[in-house]
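Participant: when you get a sec, could you give me coordinates for this:
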Amino acid sequence: MQQDIDKWVNYVAKENDYICSPSQKSKLGHQLYAVSLKKGKGNLEFRIPNELDLLGVKKAEKYLQDKWFELETKNLIAHEATPTNPQYSMIRNYGVIEWHQCFNPRQLLTLVTYVEIINDAKSKIQGEYEPEKAEAIITYLGLIISRCSDFNSRLTCQKEVMTHIRGASATHSLNLMWNYLESNGAGFLFNYGG
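Facilitator: Here you go, the predicted model:
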């Protein structure tokens, strides 16, 4: 019996290494393969990405590539390590060792843009409101960014209902999703309540 268990464990470990090794070497990318459109209340349609959709992906990749050093210098892209506990952080098996790797280029650019806007607004808020109120507003804006990153990452998954996204924090573990959803960052994401 123990021999069979050992065989199975070795088999699973080899399969896991086979799947994980390309992503650890940064050979796995991202591919947009469907776009969903909301038609009326509760109706959702899917279509194949068109040239404009794919151009948006390429533009986000190019922008981040061209501005990476500048964004790092402004502390808009952090190099903080993901958790190392294998029980809660399976993403490390796929080479996701820093938090910014939890986002595809469009998602990362959306979050960077939000942070830039909030950083610009901070000084205006601090100039218009008394210190306690300004701190409260800025804290709420920080919570909104946290919520946006929770619902727009490579760790999200689809809720049982086809029209909702389950945030990365829904499972209390960090698991990379092969099929993750991406929210519209042009306003909807800011209002997303799950």
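Participant: for stretch 135-142, output the C-alpha coordinates as CSV.
Facilitator: In CSV, the C-alpha atoms belonging to stretch 135-142 read as follows (Å, rounded to 0.1, in the frame of the first residue of the first chain):
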residue,chain,number,x,y,z
GLU,A,135,-6.0,61.2,6.1
ALA,A,136,-9.4,59.4,6.2
ILE,A,137,-10.1,60.2,2.5
ILE,A,138,-6.6,59.1,1.5
THR,A,139,-7.1,55.9,3.5
TYR,A,140,-10.4,55.1,1.8
LEU,A,141,-8.7,55.7,-1.6
GLY,A,142,-6.0,53.2,-0.5
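Participant: quick check: buried residues in it?
Facilitator: Across stretch 135-142, burial judged by 16 or more other C-beta atoms under 10 Å covers 137, 138, 141. (Glycine included, C-beta is placed from N, CA and C.)
Participant: mind listing residues that contact it?
Facilitator: 118, 121, 122, 125, 126, 129 (C-beta atoms under 8 Å, 6 or more residues apart in numbering).
Participant: any chance of TSV for those, columns pLDDT and secondary structure?
Facilitator: Putting the contacts of stretch 135-142 into TSV (pLDDT from 0 to 100; DSSP: H, G, I helix; E, B strand; the rest coil) gives the following:
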residue	pLDDT	secondary structure
118	91	helix
121	92	helix
122	92	helix
125	95	helix
126	94	helix
129	95	coil
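Participant: got a PyMOL select line for the buried ones in the residues you listed?
Facilitator: To isolate the buried ones among those in PyMOL, judged by 16+ other C-beta under 10 Å, type:
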select buried, resi 125
